[in-house]
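J.: Fold the following, please.
(one chain, ligands or ions: 1)
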Amino acid sequence: MADSGAATAWHQRALAEITRWPWLQKVNDRATAVVDPVYDRFRSNPVLELMHGGRWLGHSLHPALSDLPIGFWSASVLLDTAGQDVAPGGRRLDPSSTLSAAGLAAAAATAATGWVDWSVSDGEDRRVGLFHGLLNVAGVSLQGASLAARLSGRRPTGRALGAASLGVTVVAAYIGGHLVQGRAVMVNRVATTTGPTRWVRAVAEEDLPAGGVTGVEVEGRHVLLARRDGEVHAIDDVCSHAGALLHRGETDDCTVTCPLHFSVFDLRDGRIVRGPAHHPQPVLPARVRKGWIEVRGSAPAPRSRRPAN
Ligand code: FES
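T.: Sure thing, here's the model as predicted:
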């Protein structure tokens with residue numbers, strides 16, 4: 001029998017190892033105990049949602065902002081390498097130092113948005129995210145020391161610390177990329193969900209009374225059904241934020257609250273009422289027919305065919 005571990009890529013093994021470090025688990029527990037109550041207190045604040053990116057931006061803000069310090073610090077190292085770290089006209093700030101300072105300012109905004117995204121992560125993602133954050137703290141500290149050295153006239157030390165800061169930050173960025181692309185953190189979990197491609201019976205009509213909500217699986221797709229004001233509504237049951245099943249959350253007349261991180265969606269059209277979700281829930285056509293509630297998904301977009309020669 002084949003060894004299933006043989007197919008595991010080196011980066012998966014490395015990241016899995018990180019999540020097993022006992023010290024990281026301890027730091028994670030302590031950070032969670034401090035951070036979660038603060039996040040919970042301001043959960044409904046629109047500023048917090050905007051820091052996620054939320055319904056207004058449709059994307060997470062943190063990865064976009066993270067390009068800024070990396071870009072500024074890369075340019076700073078480049079100027080150092082080219083011997084351009086000399087202030088023109090005897091000014092205090094040379095171009096390399098200006099870029100270093102700009103990167104530090106951008107890093108503050110990047111860290112703040114990273115903190116809110118980390119607050120709505122779970123399990124292994126949370127531990128990897130914490131390690132990513134700790135590496136970034138190290139990168140920022142080195143960059144701060146680099147700027148201090150540059151400003152006090154110790155340019156070789158400033159150059160060395162700047163290069164070290166960039167190296168650590170790039171490793172942190174790699175781990176951040178793994179979280180998004182390898183583990184789908186803050187990625188729309190229903191982006192590729194389609195089907196069923198025909199009308200399919202989901203539940204008997206009597207099992208969804210007026211005002212009721214239920215979750216069903218229809219040809220492998222999780223669907224939330226709600227009956228409101230005499231109409232049947234169907235939306236994807238898998239939360240677009242991190243994949244929790246919405247029907248397990250609280251509902252009221254028009255909304256459902258995700259049980260995991262408390263995004264709120266409109267039951268009738270899947271619209272986001274409150275983040276951290278960035279993407280609305282897909283809506284499925286629904287109808288009542290012969291005592292059954294039936295749903296139909298959207299068919300995948302037809303692939304364009306090459307014209308015949
Ligand atoms: S899974 Fe995070 S808000 Fe739903």
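J.: how many neighbours does whichever residue of the stretch 1-150 of the chain sits closest to the ligand have?
T.: The ligand sits closest to V120 of the stretch 1-150 of the chain, with a gap of 5.8 Å, by C-beta to the nearest ligand atom. Quick note: C-beta positions are derived from backbone N, CA and C, even for glycine. Other residues lying near V120 total 22 when counted by other C-beta atoms under 10 Å.
J.: do the same with the one 3 residues further on
T.: Number of residues near G123 (other C-beta under 10 Å) recorded here: 9.
J.: and the end-to-end length of stretch 247-258?
T.: Terminal residues of stretch 247-258 lie 8 Å apart, using C-alpha to C-alpha, to the nearest Å.
J.: Help me see whether it makes contact with the ligand, please.
T.: Yes. On the criterion C-beta under 6 Å from any ligand atom, stretch 247-258 is in touch with the ligand at C258.
J.: So which bits of that stretch are buried?
T.: 247, 249, 251, 254-258 (16 or more other C-beta atoms under 10 Å).
J.: what do you get for stretch 55-62?
T.: Those would be 55, 59-62, for stretch 55-62 by 16+ other C-beta under 10 Å.
J.: then it to CSV, C-alphas only?
T.: Only the C-alpha atoms of stretch 55-62 are listed here, as CSV (Å, rounded to 0.1, in the frame of the first residue of the first chain):
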residue,chain,number,x,y,z
ARG,A,55,-18.8,43.8,2.3
TRP,A,56,-17.5,47.1,1.0
LEU,A,57,-14.2,46.0,-0.5
GLY,A,58,-15.1,42.4,-1.3
HIS,A,59,-11.5,41.3,-0.4
SER,A,60,-9.4,41.1,2.6
LEU,A,61,-7.5,44.3,3.2
HIS,A,62,-4.5,42.8,5.0
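J.: So for that stretch, mean pLDDT?
T.: Mean pLDDT, stretch 55-62: 89.
J.: Ok, stretch 159-168 next?
T.: In this model, stretch 159-168 carries a mean pLDDT of 96.
J.: Repeat that for stretch 177-187.
T.: Stretch 177-187 comes out at a mean pLDDT of 90.
J.: In PDB, list the C-alpha atoms belonging to that stretch.
T.: Provided in PDB are the C-alpha atoms of stretch 177-187 (Å, rounded to 0.1, in the frame of the first residue of the first chain):
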ATOM      1  CA  GLY A 177       0.700  33.300   1.300                       C
ATOM      2  CA  HIS A 178       0.400  29.700   2.500                       C
ATOM      3  CA  LEU A 179      -2.500  30.700   4.800                       C
ATOM      4  CA  VAL A 180      -4.400  32.200   1.800                       C
ATOM      5  CA  GLN A 181      -3.500  29.900  -1.000                       C
ATOM      6  CA  GLY A 182      -2.700  26.700   0.900                       C
ATOM      7  CA  ARG A 183      -5.400  26.800   3.600                       C
ATOM      8  CA  ALA A 184      -8.000  29.200   2.000                       C
ATOM      9  CA  VAL A 185      -8.000  31.600   5.000                       C
ATOM     10  CA  MET A 186     -10.200  34.700   4.100                       C
ATOM     11  CA  VAL A 187     -11.000  33.100   0.700                       C
END
